[in-house]
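J.: Okay, predicted coordinates and the sequence, questions at the end:
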Amino acid sequence: MNTVTHSEVHALRAVAAAAAVAAGGTSAADETITVAAIVPYELHLIALSKLRPSNRNVRKSGGTAIPELAASIVRVGLLQNLTVIVSPDGEHFEVVAGKRRLAALKLLAKRRKLDKNHPVPCLLVPDASARTVSLTENVHRETMSPVDELFAWKALAAEGRSLEDIAADFGVTPLVVKRRLKLANVSPRLLADYQADSVSLEQLMALAITDDHAAQEAAWYESPQWQRSPESLRDHLTHEEIDASRDAVARFVGVEAYEAAGGGIRRDLFSDEQSGVFLTDAGLLDALARDKLTAAAESAQLEGWGWVEVAPRATASELHVFQRARRTRREPNRTEAKRIAKLGAEQAKLQDMLDDEDADLTDDGMQALHEELDRLGNELEAIEQTLMVYAPGVMPMAGAVVSVDHMGGVVVHRGLLRKEQAKALRAQERQEAGEATSSGADTEDAEPAKPGISEKLAKRLSAHRTAALQAEVARHPHVALVAVVHQLAHRVILDGYGSTPLNITAFPQDRLTHHAPDVDEAPATVGMREVREAWAARLPSDADALFAELLAMPQSELLSLLAVCVGYTVSAIASQESEIPAAALAQAVGLDMHDWWTPTAAGYFDHVSKAKTLEAVQVFAPGDVNRLAKLKKAQIASEAERLAVGTGWIPAMLLHQGVGSVVPQKVLQTADECVASAQAE
C-alpha cells in the first residue's frame, strides 16, 4: 500500500539529503547509507540496487496492480517507506514489508524512469524482529471502507480536477474514475446498506444506471428479495427503454444514426462495449427504421406486387394472418441448365475428395474444400430461387411486408395474401381451370396441401390441443353446460347420431401421454390436475353423500364442477394434419394454442422432415434458412427451437382456433378460481 506513514525525524533528514543530491551535489550512490553506518529502527536512504525481497515477508500472496502502483509513485512519489533487514552477505538489504512497493520501484528502474541506485527510504529493523514487524504492518492496518473511498474520489472531482488528471495519479483509466464517481452518486441510503453488506457491489452497479435516487430506492426496496439480482434491477430501471445490444431494430438503425437524429441514450458504465446502451425514444427508433426500409420497399414495389407495407417489428405470429401465394418451379433455360449441371459436377468432385479416406488432406485443405462447397451451394440456391415463380396474376393481387429480421437485417416477406385476396385468387384459379363457380359453395378452402406431418406427430400435437381444450372448457361453465345440453338434445330429442367431442358416459380422457409423452408437464394438464385434486379433496366418495352435497351446492359452484367434469371428457385426437376435431367447441371457448404450447425440438422439429423444419424457419426466421439448410437434421431441429422462441410461431394444425368467441366475460373462470371454488367450505 502506498500510504503516508512517515513519523521518524530521520525521514526528514533523508529527504533533505535526497534534495541535495537532486540539486547537483554528490551522487545518489554516494549519499546512500552503507551497512557499516546503519542504526536499527531508524529511517535510512538505501540504493534501490541493494534491495531485494525477503522470504521472511509474511505476505505470500498479492503482488497485483504493480504497473498502477508504479504510475502512482511517478505522480506523487513513494509515500511509505520499506521495512528491511540486513542480508546475510552484508552487502544487501532484504525487504520484509513493502514487496509491492519494491516491485513497482524495480519496474520503474527497468523502464529507465528511475536510476538503478535511486535512494529509497527504508526502516531498518533487527533480524530477529523481521517476521514480527512484517506481520504487525499487515495485521494492524485498517482498510479504508469502500464508501469512504467512493466519497474520496467524488471529493477529488469536486475540487475541479479533470478525470484524466485523477486517473493519472492512481495509474488507472478515466473510465475507472467515471465508474467510481457513478457509484458515489448512488442514493446515500443504498450506500449505507452497501457498507453494511446488505447490497452487493454488483447490485450497486446495476442501480447506478440511473442518477434518480427515488427510482434507485424504488427498484431496490419495492422489489422482493428474489427480484434483486443485478439483471432484474437493471431491467426494472430500463423497462421502458430499448437495449441496443438485444434489439434487432436498434442494430439495423445503428446507435450512431439514432444519436445523430437526436435520440436519447442511457449508457451503463459497468457493461462492456458490446452492451449497456439503452435507447429512450422508441418512436424515433421505429421512424428511423421505416425511413431506412423505404429503399427496400420501393425495390419490392418495382417487382410488381399489388401492395407493399413497411413494418420494422413484424412478428411471425402477426404474419400468420396472411396466406401465402404458391410458387412453382419453372424449367431452367439452356444457360441456367448448363450452369446448374456444372455446379453440381463441381460439388460432387469436391465431395468425393472429402470422402476419400486415402486423400492426404491437411486441416486447412479440408477447410478450404468445405468453404468452396458452401460457395457452390449458395450459388446453386440463388439460381433455384430465380426459378421459383408465381403464377400470372398473382403478384398484382398479393403483396409484401418489408421488415427487420432478428439479426438486424432487411427481410422481405413476399407473396402475402389477405383473406379476401386469397378467396379472389382461388376463384380466379378455378375459373381458369374451367371449374363451375355457380354452385354457391363456400370457398374457404385452405392452401394446396404441402407435404404433411406423420400420423404419430398429428396425434401428438392433437393431444396437446386436447389438453388445452379440456382446460379451456373447465374455465367456461356456460360453454360446458351448452356442450352437455347439446349432446343430450341431439341424441334424445332429435334422435341424432354422429361424432361429438364429448363422451357423455363420463370416461375421462386423461391418457394423453399415449400420444404425447410430454403432455403431463404441459401447463393445461398441470392446471387440470390441480383443479381435479382440489375437488377430490372436497367431495365425499360415497354416492349418496355426494348427491346430497351436490343438491345443497350453490348453482355457481355446481356449474364450476360441471365444467371441470365436462372438460375431462373432451377428446380431440386427430390422425391427420387436416383434421380439426371439436372446432365449434374450440371457437366457443376462444382456444388459442399460443397460450398452451411452444415449439421445441423434442415436441415438434425432431418429428418432421428437414424440409418441413426449413419451411417453418422460413416463416419465423427467414434470414437463417440458408445457414440451417447446411446443417444436419438434429442441428436444424435444435436451432429451429432456439430461433422460434418469442416469435409466436405454431404449426398450422394448431392454428385453427376460436376467434370471435361469443362467451360472455362474466361466465369465464380462471384456473385459480376453479381451484378456489373447489376448496370453498
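T.: That came through fine. Small disclaimer: the values here were computed from a predicted structure and weren't measured.

J.: can you pull out the strands in this structure?
T.: 43-47, 51-53, 82-86, 93-97, 119-124, 242-243, 265-267, 277-279, 307-310, 323-324, 327-329, 388-390, 399-404, 410-417 (DSSP state E).

J.: so how far is Lys459 from the residue nearest to Gly603 when sequence neighbours are not counted?
T.: Excluding the flanking residues, the one nearest Gly603 by CB to CB, 6 or more residues apart in numbering is Asp518, at 6.1 Å. To be clear about C-beta, it is placed using only N, CA and C from the backbone, and glycine gets the same treatment. As judged by CB to CB, to the nearest Å, Asp518 and Lys459 stand 13 Å apart.

J.: Can you pick out the residue with more neighbours from the two?
T.: Ranked by neighbour count (other CB atoms under 10 Å), Asp518 and Lys459 place Lys459 first, with 18 against 14.

J.: so what's that one up against?
T.: Listed by CB atoms under 8 Å, 6 or more residues apart in numbering, the contact partners of Lys459 are His515, Ala516, Ile573, Ala574, Ser575.

J.: picking that back up, anything in contact with each of Asp518 and Lys459?
T.: Common neighbours of Asp518 and Lys459 (CB under 8 Å, 6+ apart) do not exist.

J.: in the chain, which helix has the most residues?
T.: helix 363-387 (DSSP state H).

J.: which regions of the stretch 101-250 of the chain sit below the pLDDT cut-off?
T.: Counting by pLDDT under 70, the stretch 101-250 of the chain shows no low-confidence range.

J.: so where do the helices sit in the stretch 101-250 of the chain?
T.: 130-139, 146-158, 163-170, 174-184, 188-195, 201-207, 213-221, 230-237, 248-253 (DSSP state H, counting those that start in this stretch).

J.: Pull up the per-residue confidence for the residue nearest to Asp595 when sequence neighbours are not counted.
T.: Of all residues not flanking Asp595 in the chain, Ala468 sits nearest, at 7.5 Å (CB to CB, 6+ apart). The per-residue pLDDT reported for Ala468 equals 84.

J.: How about the contacts made by Ala468?
T.: By CB under 8 Å, 6+ apart, the neighbours of Ala468 are Ala522, Ala524, Leu591, Met593, Asp595, Trp596, Trp597.

J.: Which positions within stretch 522-540 qualify as buried?
T.: Residues Ala522, Ala524, Thr525, Gly527, Met528, Val531, Arg532, Ala534, Trp535 are the ones in stretch 522-540 that count as buried (16 or more other CB atoms under 10 Å).

J.: how far is it from where the chain is centred?
T.: Taking CA atoms, centre = their mean, to the nearest Å, one finds stretch 522-540 lying 35 Å from the centre of the chain it belongs to.

J.: swap in stretch 225-238?
T.: In terms of CA atoms, centre = their mean, the centre of stretch 225-238 is found 15 Å from the chain centre.

J.: so how far is the first residue of that stretch from its last?
T.: Using CA to CA, to the nearest Å, one end of stretch 225-238 lies 19 Å from the other.

J.: Check which residues of that stretch are buried.
T.: Applying 16+ other CB under 10 Å to stretch 225-238 flags Arg228, Pro230, Ser232, Leu233, Arg234, His236, Leu237, Thr238 as buried.

J.: Just name the closest of these to Phe93, please.
T.: Ranked by distance to Phe93 (CB to CB), the buried residues of stretch 225-238 are led by Pro230 at 47.7 Å.

J.: how much space between the closest one and Asn333?
T.: Remark: distance between Pro230 and Asn333 (CB to CB) = 61 Å.

J.: cool, His594 as well?
T.: 45 Å.

J.: Over to Lys99?
T.: In terms of CB to CB, Lys99 sits 81 Å off from Asn333.

J.: Looking at those two, which one has more neighbours?
T.: The neighbour comparison of Lys99 against Asn333 (other CB under 10 Å) goes to Lys99, with 19 against 10.

J.: That one reaches Thr64, doesn't it?
T.: No. The criterion here is CB atoms under 8 Å, and Lys99 misses it with Thr64 at 11.3 Å.

J.: helices and strands of this protein: which one has the lowest mean pLDDT?
T.: helix 9-22 (a mean of 38; mean pLDDT, DSSP states H and E).

J.: pLDDT weak spots in this protein?
T.: Short version for the chain, where the test is pLDDT under 70: 1-40, 273-274, 317, 429, 432-452, 485-511, 656-681.

J.: residue nearest the centroid of it?
T.: Arg246 (7.3 Å; CA atoms, centre = their mean).

J.: give the contact list for that residue.
T.: Contacts of Arg246 (CB under 8 Å, 6+ apart): none.

J.: Ala206 versus that one, what's the distance?
T.: Distance from Arg246 to Ala206, by CB to CB: 16 Å.

J.: residues touching Gly276, list them.
T.: With contacts defined as CB under 8 Å, 6+ apart, Gly276 is in contact with Ser245, Arg267, Asp268, Leu269, Phe270.

J.: Tell me the one of these nearest Asp281?
T.: The shortest gap between Asp281 and any of these belongs to Arg267, at 14.8 Å (CB to CB).

J.: The closest one - nearest residue in space that isn't next to it in sequence?
T.: Spatial nearest neighbour of Arg267, excluding adjacent residues (CB to CB, 6+ apart): Val277 at 5.7 Å.

J.: Assess the claim that the residue nearest to Gly603 and Asp606 are in contact.
T.: No. With contact defined as CB under 8 Å, Asp518 does not reach Asp606; the gap is 11.6 Å.

J.: Fine by me, thanks again.
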